[in-house]
Every structure is written in structure tokens, then in C-alpha cells.
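Asks: with the input below, show me the fold.
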Amino acid sequence: MTRVKSTNPELLTVIHSLRKKARDSNAPIWLGVADHLSSSRRRRIAVNLSRLNRHTRAKETVVVPGKVLGAGNLDHPISVAAFSFSTHARLKISKARGKCFSISELLEVNPEGSNVKIME
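Replies: Have a look, this model is predicted:
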């Protein structure tokens with residue numbers, strides 16, 4: 001188990017709940033997301049909307065273990081769960097009739113992690 005070096009209480013809560021849900025639901029996807037989030041801030045993932053647009057299809061669910069940035073356009077509706085979103089990213093996802101979730105909200109809706117992609 002990797003050691004978490006962050007002091008952000010919200011991040012620590014999300015990592016703890018991801019690991020607990022991975023054990024309880026036998027869903028290794030949440031353990032992978034927790035490992036990405038527990039890495040150093042330098043290695044944390046930031047994904048632009050243009051990348052999400054290229055690698056997803058309409059009505060897919062995607063988890064970003066980091067931040068979603070608003071560079072690029074989104075031309076189909078997707079559901080995105082991330083630790084944080086930029087203001088422009090939230091606006092553009094909503095404009096494309098998509099949905100923005102926190103990772104904790106996605107854990108409640110889909111505890112098994114079925115039909116969820118991780119964007120790295």
C-alpha cells in the first residue's frame with residue numbers, strides 16, 4: 001500500500017472511501033483510482049476536454065483521478081467524475097448535455113465500477 005503524503009482532508013477522505021469500496025465491492029477499479037490520487041501532486045493527472053472527446057463515445061462514464069481542464073471542445077454527452085473541475089470544463093460539459101460528478105458521488109451511484117473508464 002502506498003503512503004499518502006497529502007494533507008488535503010477532502011482528498012484523504014476520497015482516497016479512504018475508494019479503498020474501502022474496492023475492498024467491500026471487490027472492484028479493483030476503485031483501488032486504481034485511489035493509487036492515482038495518492039501520488040504526488042506533480043504526478044497527479046490533468047485531462048483536457050479535447051482528450052476526453054477523442055477517447056470517449058456518447059453516454060460513457062469516465063473517471064479522472066485529478067482535474068478536468070477546459071481546453072478543447074466536447075461534441076457528445078458524457079458523464080465525468082473527477083476530483084476537481086475547472087470552471088470552463090464544467091460549463092462545456094454541461095453545454096454538451098453531459099454530467100459532472102465528484103468521485104464520491106460516482107461511488108454511491110456505481111459501487112461496482114461497471115462500465116467506467118479511467119482517463120490517465
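
Asks: please count neighbours and contacts with C-alpha atoms only from this point.
Replies: Noted.

Asks: per-residue pLDDT, K5?
Replies: K5 carries a pLDDT score of 69 in this model.

Asks: tell me the SS of the closest residue to N26 other than its chain neighbours?
Replies: Nearest residue to N26, sequence neighbours excluded (C-alpha to C-alpha, 6 or more residues apart in numbering): E112, at 7.4 Å. Following DSSP: H, G, I helix; E, B strand; the rest coil, E112 is assigned to coil.

Asks: from L49, how far out is E112?
Replies: 26 Å (C-alpha to C-alpha, to the nearest Å).

Asks: and what of E108?
Replies: E108 is 25 Å from L49, by C-alpha to C-alpha.

Asks: who's more crowded, the two?
Replies: L49 (20 against 10; other C-alpha atoms under 10 Å).

Asks: so who does the more buried one touch?
Replies: V68, L69, G70, A71, G72, N73, L74, A89 (C-alpha atoms under 8 Å, 6 or more residues apart in numbering).

Asks: the second one contacts S84, correct?
Replies: Pointing back at L69 there. No - with contacts counted by C-alpha atoms under 8 Å, L69 stays clear of S84, the gap being 9.0 Å.

Asks: now do stretch 39-56: distance to the chain's middle.
Replies: Put simply, stretch 39-56 sits 9 Å off its chain's centre (C-alpha atoms, centre = their mean, to the nearest Å).

Asks: mean confidence for that stretch?
Replies: The predicted model gives stretch 39-56 an average pLDDT of 92.

Asks: contacts for the strand ranked longest in the chain?
Replies: Determined from DSSP state E, the single longest strand within the chain is strand 61-69. For strand 61-69, the surrounding residues in contact (C-alpha under 8 Å, 6+ apart) are 33-34, 36-37, 44-49, 78-86, 88-89, 103, 115-120.
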